[in-house]
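[1] Got a predicted structure plus its sequence, pasted below:
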Amino acid sequence: MKKLPTYPLFPKGLATGKAFINRQADRAELTDRILRLEHTWIAAPRRYGKTSLLEQVCVDLAKTRAQKSTQAIHTCVIDLMLVRDIEVLQKQLFAAVSSLLVQLEPAHKKLLTLARKYLDKYVKELTVGMEGVSVSLKIDRATPDSLNETLLKLDKIATDHNIRFALIIDEFQKIVDLPDSDIIEGSIRNAVQQSKNVIYIFSGSRRSLLQRMFTDKRRPLYRLCTQLTVERISEEEYKKYIDSASRLNWNKGLSEAAYAELFAATERHPYYINSVCRKLMRLAKCPTAADIQEVWREVVDEERHWLVNEYGNLSTTQAIVLGALARMPTAKPSAKAFTQFAGLAASSVKSALDALLRDDHVQSKTNADGSTLYHVLDPGMRYILNSELS
Ligand SMILES: Nc1ncnc2c1ncn2[C@@H]1O[C@H](COP(=O)(O)OP(=O)(O)OP(=O)(O)O)[C@@H](O)[C@H]1O
Ligand SMILES: [Mg+2]
């Protein structure tokens, strides 16, 4: 009888706890930065594991809190994915304050007193729902000033209680699309600069956009935070984890040929590795390289709809360059060999490539010899373009 764990070994959603593979160095680094009050920004392509890492670090920090040997660190992750205007952003920040208050004082009556002490004019009610108690905070009209005030209050609460609070803002790139985004960034900058006990972690995809937000002299958030890069998980770490899953499932490990096929197809993209392995676990026998090839095709087929949609949204020259890179990854996109293959002038290749890099369709990878290879970032996209354009 197989003794498979009760948690999903290869989750489709966030990976935390035992399903979280490695990233020891990133976890330790981020925890350390939080302890040192070093504000941080993280940018990595879509579905690389940013949110899983952030949630895992919150779990790690909750454990240090239980040890009570250091100043307690409380955390809250807010997600700006659906933020379309300043009102919703304000609501999210209020949710962070409410979360901190509840962490500090879970008892009803005292919680209300605490909330009133700091945010009297905004406290509307205390609600008890399925997920526990929460303080509902409301404002008539959100403004950059009210955002700033909320963040400063958060710091005041943390300082008064001698705790640290890590405010983790996921999908931060959404800020740029808001009306008056510059003023909003400015109000956040002001709060970050004044912060004593709140540590800010900004995370998101669209790396070039975040890069500009944090490293362009003309932008409010310039030089306030240090970058943390999230890379793909190494082959060794994946092998360790997959090997024990394989032994649990089939009483034997995968062959070297099977691993080679898995890593070549998925390029160790965490989302695709999990999708393939989830399907493999349903096979009766330990998979061979050929089984992996077949499952990989099934996975890409399931992603096909949105991949084709993404491809359809590209300009004609971008689509041509992406198609050419899928078949011919290159270190020299302006060289004749590539421009002739793509059938475009070098200048057209350059501007299309800039846009593809900016939007994370293409990635540049530095090789051991220092050369840079340009290739399609999403392995599913690469596979579709490669097989259908060849
Ligand atoms: N450390 C990890 N161990 C195991 N699986 C992981 C790990 N990190 C990410 N994954 C898997 O990769 C996929 C994407 O993870 P996650 O949602 O955390 O990424 P993300 O970068 O936040 O994505 P998005 O840009 O869509 O918000 C999920 O299937 C998740 O289970
Ligand atoms: Mg995420």
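    Ah, there it is. Numbering: from 1, shown residues only. Ligands and ions are numbered 1, 2, ... in the order given.
[2] Count the neighbours of residue 158 for me.
    Residue 158 has 24 neighbouring residues, counting by other Cβ atoms under 10 Å. In this view, the C-beta of every residue, glycine as well, is placed from N, C-alpha and C.
[3] Same check on the one 5 residues further on?
    Counted with other Cβ under 10 Å, residues neighbouring residue 163 total 18.
[4] can you pull the contacts of it?
    Residues near residue 163 by Cβ atoms under 8 Å, 6 or more residues apart in numbering: 71-74, 104, 197.
[5] Equivalent analysis for residue 88, please.
    residue 82.
[6] List only those of the contacts of residue 163 flagged as buried.
    Buried members of the contacts of residue 163, scored by 16 or more other Cβ atoms under 10 Å, are 72-74, 104, 197.
[7] From the residues you listed, which land in helices?
    Taking DSSP state H as the definition of helices, those contribute residue 104.
[8] now what about stretch 31-43, what contacts it?
    30, 50, 53-54, 57, 60-61, 64, 70, 73, 164, 166, 172, 192, 195, 197, 199-207, 210-211, 213-214, 224-230.
[9] Oops, could you answer that again for stretch 347-356 instead?
    By Cβ under 8 Å, 6+ apart, stretch 347-356 touches 314-315, 317-318, 320-322, 325, 333-334, 338-339, 342, 344, 362, 374.
[10] Which of those are buried, as a PyMOL select command?
    Here is the PyMOL command that selects the buried residues among those (16+ other Cβ under 10 Å):
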select buried, resi 314+317+318+320+321+322+325+333+338+339+342+344+362+374
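[11] Need the max-distance pair from the contacts of stretch 347-356.
    Farthest pair in those (Cβ to Cβ) is 314 and 334. Separation: 19.7 Å.
[12] follow-up on the earlier one: can you narrow the contacts of stretch 31-43 to ones near ligand 1?
    50, 205 (Cβ under 6 Å from any ligand atom).
[13] now, which of the contacts of residue 163 lie within strands?
    Among the contacts of residue 163, the members falling in strands (DSSP state E) are 73-74.
[14] Pull up the gap between residue 275 and residue 294, please.
    Using Cβ to Cβ, to the nearest Å, one obtains 14 Å as the distance from residue 275 to residue 294.
[15] the more surrounded of the two?
    Counted by other Cβ under 10 Å, residue 275 and residue 294 do not tie: residue 275 has more neighbours, with 23 against 13.
[16] I'd guess the more buried one is in a helix, am I close?
    Yes. Assessed with DSSP: H, G, I helix; E, B strand; the rest coil, residue 275 lies in a helix.
[17] Please tell me the pLDDT value assigned to it.
    We have a pLDDT of 97 for residue 275.
[18] Quick check: closest non-adjacent residue to it.
    Spatial nearest neighbour of residue 275, chain neighbours left out: residue 299 (4.7 Å); criterion: Cβ to Cβ, 6 or more residues apart in numbering.
[19] before we move on, what about residue 30?
    residue 57 (5.0 Å).
[20] So which bits of whichever helix or strand the one you found is part of are buried?
    Per DSSP states H and E, residue 57 falls inside helix 50-67. By neighbour count on 16+ other Cβ under 10 Å, the buried set for helix 50-67 is 50-58, 60-61, 64-65.
[21] same question, stretch 303-310
    For stretch 303-310, by 16+ other Cβ under 10 Å, it's 303, 307.
[22] Let me see the mean pLDDT of it.
    Per-residue scores along stretch 303-310 average to 95.
[23] let's have the chain start at 241 instead
    Sure, I'll start counting at 241 from here, so that last one is stretch 543-550.
[24] Does that stretch reach ligand 1?
    No. Stretch 543-550 stays out of contact with ligand 1 when judged by Cβ under 6 Å from any ligand atom, the minimum separation being 11.9 Å.
[25] quick check, distance from that stretch to the centre of its chain.
    Here stretch 543-550 is found 21 Å from its chain centre; the criterion is Cα atoms, centre = their mean, to the nearest Å.
[26] List every C-alpha atom in that stretch, with coordinates, as CSV.
    Provided in CSV are the C-alpha atoms of stretch 543-550 (Å, rounded to 0.1, in the frame of the first residue of the first chain):
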residue,chain,number,x,y,z
GLU,A,543,-1.7,25.7,-21.8
ARG,A,544,-2.2,26.2,-25.5
HIS,A,545,-5.2,28.4,-25.3
TRP,A,546,-3.6,31.2,-23.3
LEU,A,547,-0.2,30.8,-24.9
VAL,A,548,-1.7,31.3,-28.4
ASN,A,549,-3.6,34.2,-27.0
GLU,A,550,-0.4,35.8,-25.7
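[27] And the contacts of it?
    515, 540, 601, 618, 620-621, 624.
[28] got it, and stretch 362-381?
    With contacts defined as Cβ under 8 Å, 6+ apart, stretch 362-381 is touched by 327, 330, 334, 337-339, 341-342, 346, 348, 351-352, 355-356, 359, 386.
[29] which of the residues in that stretch are buried?
    362-363, 366, 373-375, 377, 379.
[30] sorry, back to before: how about the contacts made by the residue nearest to residue 270?
    267, 270-271, 274, 315.
[31] and it, how far is that from ligand 1?
    According to Cβ to the nearest ligand atom, to the nearest Å, residue 297 and ligand 1 sit 11 Å apart.
[32] What confidence value was assigned to that residue?
    Residue 297 carries a pLDDT value of 93.
[33] Spell out which parts of the stretch 291-440 of the chain neighbour ligand 1.
    So far as Cβ under 6 Å from any ligand atom goes, the stretch 291-440 of the chain lies against ligand 1 at 291-292.
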